[in-house]
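**Student:** What would the 3D arrangement of this be:
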Amino acid sequence: MKIGILQTGHAPDALLPDHGDYNDLFERLLGGHGFAFTTWSVVDDAFPDGPDDADGWLITGSRHGAYEPHPWIPPLEELIRDIHAAQKPLVGICFGHQIIAQALGGTVEKFPGGWSVGRQSYTLDNEHLHLNAWHQDQVTKLPPEARILGQSAFCENAVLAYGDHILTIQPHPEFDAAFTQGLITHRGGAVPADQLAQAQADLAHPTDSTRIAARIAAHLKQ
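**Tutor:** Predicted structure coming up:
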């Protein structure tokens with residue numbers, strides 16, 4: 001099964017030698033499920049011809065805001081709507097979660113409550129789990145078709161679904177402790193020091209990334 005990764009940002013240069021870029025993180029996260037991956041770096045204006053270029057799709061995170069006036073944002077939103085119309089399986093993570101909501105009629109904003117960084121607690125389908133997060137933007141108004149599957153005390157719309165073919169997740173199941181440490185070191189400048197310290201302290205605790213990876217894989221294979 002061919003999964004098209006729509007890459008909307010790049011990892012910090014200092015992390016590339018040891019961790020690879022965002023598409024590499026997802027290939028590792030979803031390894032062992034029988035997928036073949038092709039990446040289109042849409043942030044660099046490289047787009048597929050359309051929804052049929054892959055069997056399923058995944059949109060990565062990004063340091064950019066979905067509401068920012070980048071020239072690649074409108075064609076990405078159009079592609080999202082085309083994938084939706086074609087009923088292809090689609091997964092969005094962090095920025096991907098946000099841009100899908102925006103493309104389908106929702107609102108994304110810089111959250112006045114600040115940042116969510118490091119290991120966070122979520123409720124998903126009435127179960128508790130922990131995942132690493134790194135965001136200030138949030139989906140603040142749901143699209144008409146969206147339904148909430150998961151949330152946290154900080155993020156009300158943390159996991160969304162649209163029909164049976166779109167699943168979006170605000171936190172980062174692809175971020176392990178080492179990568180999160182790299183973000184603390186290289187992209188922590190805008191985050192309050194006390195939150196960075198807490199994120200650092202929580203690196204020793206496990207997350208439920210494997211469980212979410214299995215759910216993402218099952219969604220893409222439907």
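
**Student:** And the residue most central in space within the chain, how far from residue 146?
**Tutor:** The chain has residue 93 as the residue nearest its centroid, 1.3 Å off, counting by Cα atoms, centre = their mean. For residue 93, the distance to residue 146 (Cβ to Cβ, to the nearest Å) stands at 16 Å. Placement of C-beta: from N, CA and C, glycine included.

**Student:** My guess is residue 157 contacts residue 169. True?
**Tutor:** No: assessed by Cβ atoms under 8 Å, residue 157 is found out of contact with residue 169, at 10.7 Å.

**Student:** list the buried ones in stretch 188-197?
**Tutor:** Residues of stretch 188-197 classed as buried: 188, 191, 195-196 (neighbour count, 16 or more other Cβ atoms under 10 Å).

**Student:** Helices of the chain, start to end?
**Tutor:** Per DSSP state H, the chain carries helices over the ranges 16-19, 22-29, 73-85, 95-103, 177-186, 193-202, 209-221.

**Student:** got a list of contacts for the fourth one?
**Tutor:** The reference is to helix 95-103. Surrounding helix 95-103, the residues in contact under the criterion Cβ atoms under 8 Å, 6 or more residues apart in numbering are 6, 8-9, 58-62, 64, 66-67, 73, 76-78, 80-81, 90, 92, 107-108, 137-139, 142-143, 146, 157, 160, 162, 166, 168-170.

**Student:** Tabulate the buried residues of stretch 188-197 (a markdown table), appending distance to residue 51.
**Tutor:** Shown next, in a markdown table, are the buried residues of stretch 188-197 (distance: Cβ to Cβ, whole Å):
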| residue | distance to residue 51 |
| --- | --- |
| 188 | 37 |
| 191 | 36 |
| 195 | 39 |
| 196 | 40 |
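
**Student:** what about this structure, any weak spots by pLDDT?
**Tutor:** Scanning the chain for pLDDT under 70 picks out no residues.

**Student:** if we can go back for a sec, pull the most distant pair out of the buried residues of stretch 188-197.
**Tutor:** 188 and 195 (8.7 Å; Cβ to Cβ).

**Student:** Determine the residues that are contacts of both of the two.
**Tutor:** Contacts common to residue 188 and residue 195, judged by Cβ under 8 Å, 6+ apart, are residue 117.

**Student:** quick one on the thing from earlier: considering the buried residues of stretch 188-197, which is situated nearest to residue 32?
**Tutor:** residue 188 (31.8 Å).

**Student:** Contacts only, for the closest residue to the closest one other than its chain neighbours.
**Tutor:** Spatial nearest neighbour of residue 188, chain neighbours left out: residue 196 (4.9 Å); criterion: Cβ to Cβ, 6 or more residues apart in numbering. Neighbour list for residue 196: 117, 184, 188 [criterion: Cβ under 8 Å, 6+ apart].

**Student:** separation between the last one and residue 83?
**Tutor:** In this structure, residue 188 lies at 34 Å from residue 83, with Cβ to Cβ as the measure.

**Student:** go on, the second one?
**Tutor:** When Cβ to Cβ is applied, the distance between residue 184 and residue 83 equals 34 Å.

**Student:** Distance of residue 64 relative to residue 97?
**Tutor:** 14 Å.

**Student:** If you count neighbours, what's buried in stretch 55-69?
**Tutor:** 55-62, 64-66.

**Student:** Alright, that wraps it up for me.
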